[in-house]
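A.B. asks: Return a 3D structure for these sequence lines:
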Amino acid sequence: MKINLSKNFSVQEVQHSDYAIKYDLENTLPAKYYKNALMLASYVLEPIRLQFGAFSPQSWYRCEEINKAVGGSPTSDHMIGCAADISIKGVDDIALARWIISNLTFKQVINDYDKYGNRWIHVSYLEGDNRGQVLHKTRDGYGIGLA
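C.D. replies: Presented below is the predicted three-dimensional model:
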């Protein structure tokens, strides 16, 4: 049964993880992080959807085990439900990031990629900590700005 978190996003999308499915792992959003996911959906993802059309985040909530397995930061906002990785078919990632930066309140926007060349925009929203940090992934870590 689909449970709506916001108008267009469901709790199932928050908890979806290809890695969890592949390795039969539990990735249930703890109740204490539900508000974080709701606020990210309401203040960031819904406005993005209104501007660019339907999409589903590639990664949203990640339990500690999954976060570690996929090489996430030990302090990743994904582990508290307030970050999502998104890429929208037909929309340039940098254009997406620039729109977010110009139009929304956020904690972080990161121009990110993996070792296979897959690219996405990481965006987070955390009540009380929306500092508007903009970063890009480098071979050695992260740099300031979108690059």
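A.B. asks: Would you mind measuring from the residue nearest the centre of the chain to Phe106?
C.D. replies: When CA atoms, centre = their mean is applied to the chain, the residue found nearest the centroid is Ala84 (0.8 Å). For Ala84, the distance to Phe106 (CB to CB, to the nearest Å) stands at 11 Å. In this view, the C-beta of every residue, glycine as well, is placed from N, C-alpha and C.
A.B. asks: Mutual contacts of these two, please.
C.D. replies: 44, 123-124 (CB atoms under 8 Å, 6 or more residues apart in numbering).
A.B. asks: Just give me the closest of those to Pro74.
C.D. replies: Closest approach between these and Pro74, by CB to CB: Ser124, at 15.4 Å.
A.B. asks: correct me, but the closest one touches Gly81?
C.D. replies: No - applying CB atoms under 8 Å as the test, Ser124 and Gly81 come out as separate, 9.9 Å apart.
A.B. asks: okay, and the common contacts of these two?
C.D. replies: With CB under 8 Å, 6+ apart as the test, Ser124 and Gly81 both reach Leu40.
A.B. asks: All good on my end, thank you.
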